[in-house]
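Novice: okay, sequence plus prediction incoming.
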Amino acid sequence: MSTLDEKITFPGDVTIDRLRLYNKNDDHIDLTLGQATEILIYESMFAPCMFGSLTMADADAIIEKFPIVGGEALTIKLRTKTFPDREEDIIYRSFVVVSIENRKLENDREQTYVLNFISIEGYTDMVNTISQAVPGDVDGEGAFNTARIAMNIFETYIATTGRVYLEKEKSTLAIYDEHASDIQYVSNNWTPFQNMNYICAHMDEKTHPGSDNVFFETNKGFILSSIQNLISKQ
C-alpha cells in the first residue's frame, strides 16, 4: 500500500513493516501475519537501553513449532502511517527475547503469551564485566578525559554489529560536547553500563559544567550528554 493511501485512525497507529523472530540457527518466522496483538517499546533517558514486550495471540502453535527458549533475536520495523520509509522516520532494529510470561490458553485452539525483550547491547551487558583500569583511547595527555574513556568503553565493550539482526551496522554513541573532566579509576567487576553511569557522575561538559549527566539509548543510537545540553538542542 502506498503511503498516500494510508490513514491514521487512532493515536499511535503504525504500520508493521517487519516483525521477525530468529533462532540461534538463523532460521526465522514472520510474525506480521496477525499473531502480534500489542507491541510496547520503552525508551527513556533514565534507562541505559531500550526494552519492551510483544503480546502474541498464537493459534498456530508457534511456541512449539518454533521453540522459544530465550536468546532469540526479534527484528522490528515500525512506521507511523503516512510517514515515508526513511531512517529518520522509522524504528528499525533488533532485540533479544529474555523471557515469556502470562502464558494462558484462551480456547482449545489459541493461547496467548507475552515475549519480553531487551536491546542486544543490554543483553550482552548482563553477562559482560570489566575488572581493570580503563583509560581513554590515546596515551599521554588526554588519556583520562571522561569523553575519551566513555568512547573507549563503548567501542570495546558495548557497540555491537547486528543492530538490525544479520546486518553489519554497529551501535553508535553521540557525545554532544567536549569534556573538561579527567578521572582515573579501576572498574571493580562492573558491567559496561555501570561504568558509563560512573562516568556520568564524574563528568563535566565544557558548555554545561555542574549539570546532571545521562547515558541512554534511543532507537537511533546511544547518547552521553548533560540534561541541560539535551534541553538546549530541542
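Specialist: Sure thing, it's come through.

Novice: dump the residue contacts of the closest residue to Lys104 other than its chain neighbours.
Specialist: Nearest residue to Lys104, sequence neighbours excluded (CB to CB, 6 or more residues apart in numbering): Thr112, at 6.0 Å. C-beta coordinates here come from the backbone N, C-alpha and C atoms, glycine included. By CB atoms under 8 Å, 6 or more residues apart in numbering, the residues touching Thr112 are Thr37, Thr55, Met56, Ala57, Asp58, Asn102, Arg103, Lys104, Glu106.

Novice: what's Thr112 sitting at in phi/psi?
Specialist: Dihedral angles of Thr112 (phi, psi; degrees, to the nearest 10) stand at phi -120, psi 150.

Novice: where exactly do the strands run in this structure?
Specialist: Remark: strands assigned in the chain by DSSP state E are 14-22, 28-30, 36-42, 51-58, 73-80, 90-105, 111-119, 173-175, 213-217, 222-226.

Novice: for Ile8, which of these is the nearest?
Specialist: strand 73-80 (7.3 Å; CB to CB).

Novice: tell me the mean pLDDT for that closest one?
Specialist: Average pLDDT, strand 73-80: 92.

Novice: what residues sit buried inside that strand?
Specialist: Under the neighbour-count criterion of 16 or more other CB atoms under 10 Å, strand 73-80 has Ala73, Leu74, Thr75, Ile76, Lys77, Leu78, Arg79 buried.

Novice: ok, those vs Phe51, which is closest?
Specialist: Relative to Phe51, the closest of these is Leu74; by CB to CB it sits at 11.4 Å.
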